[in-house]
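Undergrad: Based on what follows, work out the 3D shape:
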Amino acid sequence: MKIHFIAIGGSAMHNLALALHHKGYEVSGSDDEIFEPSKSRLRSHGLLPKQEGWNAENIKTSLDCVILGMHARQDNPELIRAQELGIKVYSYPEFIYHQSEDKTRVVIAGSHGKTSISAMILHVLHFHNRDCDFMIGAQLEGFDTMVKLTTKNEFILLEGDEYLSSPIDLRPKFLHYKPNIALLSGIAWDHVNVFPTYEDYRKQFDLLIECMEPGGALVYNELDEEVVSVVNNASNQIKKFSYGLPDYHITDGEVQLETDEGLVPLMIFGKHNMNNLEGARWICNQMGVTDEEFYQAIPTFKGAARRLEIQYKSPQLNVYRDFAHAPSKVLATVNAVKENFDKRKVVACLELHTFSSLNIKFMNQYAQSMDKADVALVYYNPKVVAHKKLPELDPTTVQKQFGGKNVMVFTSNELLLNKVQQEIKDTASVLLVMSSGSFDGIDWNKELNLD
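TA: Residues are numbered from 1 along each chain as shown. This next block holds a predicted model:
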């Protein structure tokens, strides 16, 4: 097959391009900007476009199909040419489904925990040399790409994103997958630019359950009231299995599961991760993995990239990086760090970087999300607010939205860095850095002398 990617540089898009290249397809692509690591990875496989930008001449009748990424626009000249020539245009998730119609589709969905749960499942399967296809949202140790598509594997594990599929397909991605097996981890309002009310957002999860294959299995988090409500209201004829928290204890910062197989030491921590682990165990059961096999594998799971990822560790300072930016994720991540390091000062830094997080109408969702931190520092760049065409933000207003006397708001990353250096200087501390961005270029390792 000959396939062209419009917006090949995206995190998911370039991984799919690599997966199809490995499968033997003839792959080409274009984009108006490509960043690392996508750029180097595409170049190493001969898939990096010769020049940046869009060119309708890239679209020829010899193509079998085009895959359209969210970064493109409806007036993209390559998209218009493909439509004129009658070439099939797939959204990313639509193509994934096309490649997996004959497989057992396992979809991990929810406002939070998707990547971590998916990563745990893949780790356990990989540990026991059980192969499956997959599409996951973070780079994992031991895996070359975040996407794998074969003709032989029975299962495909899919991280089910509720965001839009493409500029011309405004359905959530996960509605394309029609799961045989699904997990629902939690529901907390997000993507306010697409779902302007909570009711709009929640409805997408109703639709997800409705689109499951009849007779399928739904594993759901019984600790989330919204999840339970959605599941109880579902009319689809499916099997339902709930999960909660396993028995575990923490001793000197080390977490151990209490299981029928005995104590199982873990490299991850936090109630949300224990909850994620239980969900992963239930899905592994559905995929033919016994509890004994699960507990044998999970002690070596280090976590997914940028999900409470350890950056530095010493008797005086631990530094963790996390992708957390939505309110529920911030709350769970801050609480996890304080639970595990209750004797240390916890300094939590959050960058407001996304459209939702910088929207004053949504910001009250962050109320008390950083209360467990000893020092809570919130940063945003007013230029980013202006670029997203949102109303100007005042630091005092932002502080009031977060609540808590320990919250300080910064619009200068230099002043933020100075405050962090001051707070971790003289006492044993844990620094938690949370962002889907980069705090406008702060090199934490260099600035804090962590190398």
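Undergrad: what's near enough to touch the nearest residue to residue 163 once chain neighbours are set aside?
TA: Spatial nearest neighbour of residue 163, excluding adjacent residues (Cβ to Cβ, 6 or more residues apart in numbering): residue 191 at 5.8 Å. Any C-beta I mention is one placed from the backbone N, CA and C, and that applies to glycine too. Going by Cβ atoms under 8 Å, 6 or more residues apart in numbering, residue 191 touches 162-163, 201, 356.
Undergrad: Residue 256 belongs to a strand?
TA: Yes. Applying DSSP: H, G, I helix; E, B strand; the rest coil, one finds residue 256 inside a strand.
Undergrad: Can you report how many residues lie near it?
TA: For residue 256, the count of nearby residues is 16 (other Cβ atoms under 10 Å).
Undergrad: Which pLDDT value belongs to residue 191?
TA: Per-residue pLDDT puts residue 191 at 89.
Undergrad: Please enumerate the helices of the chain.
TA: Secondary structure of the chain (DSSP state H): helices at 11-22, 38-44, 77-85, 92-100, 114-127, 198-210, 225-232, 271-286, 291-297, 327-340, 382-387, 395-402, 413-423, 444-447.
Undergrad: which residues sit against the shortest one?
TA: By that I understand helix 444-447. Residues from elsewhere that reach helix 444-447, judged by Cβ under 8 Å, 6+ apart: 311-312, 319, 321, 417, 421, 431, 433, 450-451.
Undergrad: Just name the closest of those to residue 88, please.
TA: In terms of Cβ to Cβ, no member of the contacts of helix 444-447 lies closer to residue 88 than residue 321, at 40.0 Å.
Undergrad: The closest one is in contact with residue 311, isn't it?
TA: Yes. Using Cβ atoms under 8 Å, residue 321 makes contact with residue 311 at a distance of 5.3 Å.
Undergrad: Give the intersection of the neighbour lists for these two.
TA: Here residue 321 and residue 311 have 433, 444 as joint contacts, going by Cβ under 8 Å, 6+ apart.
Undergrad: Compare those two and say which is more crowded by neighbours.
TA: residue 321 (19 against 14).
Undergrad: Who are the contact partners of that one?
TA: Neighbours of residue 321 in contact, by Cβ under 8 Å, 6+ apart: 306, 309, 311, 433-434, 444.
Undergrad: which of the residues you listed lies closest to residue 338?
TA: For those, the residue nearest residue 338 by Cβ to Cβ is residue 434; the value is 13.5 Å.
Undergrad: ok, that closest one touching residue 353?
TA: No. Using Cβ under 8 Å as the test, residue 434 is too far from residue 353 to be in contact (10.0 Å).
Undergrad: number of nearby residues for the nearest residue to residue 348 once chain neighbours are set aside?
TA: Closest residue in space to residue 348, ignoring its immediate chain neighbours: residue 373 at 3.8 Å, by Cβ to Cβ, 6+ apart. Applying other Cβ under 10 Å, we find 24 residues neighbouring residue 373.
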